[in-house]
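In: Give me a model of this one.
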Amino acid sequence: MALKRMDNVGIVVDDLEETIDFFRDLGLELEGRATIEGEWAGRVTGLGNQHVEIAMMRTPDGHSRLELSRFLTPPAVADHRNAPVNALGYLRVMFALDDIDETVERLRKRGALLVGEVVDYQDTYRLCYIRGPGGLLIGLAQELS
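Out: I've put the predicted structure just below:
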């Protein structure tokens, strides 16, 4: 049996509304919202009885999704948002876009902070990392023609 696709990347957040607005401004579309709770959900996650608000964000091409989750019960227990880029584990998500400079400027108005610099890589890409809402690490890439 072959792998079919990657369904989504999950990100746990403090402020669901702020994070939805941020990713909308980046260019993702809100696909839907739901509340996940009950014993069945806890059996999947191993967290027992849980109550989670989620929002599914979709990229404009329709192929990729972010599942944003705000845990009400149990509360979040670890915080690695300030980990450096070389920390172990899932750390960041990267988006391809048309204009990195315009996007960084627009997202700065929402509180995004540039981690290092916007750099050109071998006349192929312009790349940077930003910190978004709640310190989320987000990569941005612009293909150069």
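In: okay, CA-based contacts and neighbour counts for the rest of this
Out: Noted.
In: Surely residue 18 touches residue 134?
Out: No - between residue 18 and residue 134 there is no contact under C-alpha atoms under 8 Å: 9.0 Å.
In: Give the buried residues for the helix ranked longest in the chain.
Out: The longest helix of the chain (DSSP state H) is helix 16-26. By 16 or more other C-alpha atoms under 10 Å, the buried positions in helix 16-26 come out as 16, 19-23, 26.
In: For these, could you give me TSV that also reports pLDDT?
Out: Output for the buried residues of helix 16-26, formatted as TSV (pLDDT from 0 to 100):
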residue	pLDDT
16	97
19	96
20	98
21	97
22	97
23	97
26	96
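In: C-terminal to the helix or strand of the chain with the lowest mean pLDDT, what's the next element?
Out: Lowest on mean pLDDT, DSSP states H and E among the helices and strands of the chain sits helix 39-45, with a mean of 84. Sequence order places strand 50-58 as the next helix or strand after helix 39-45, per DSSP states H and E.
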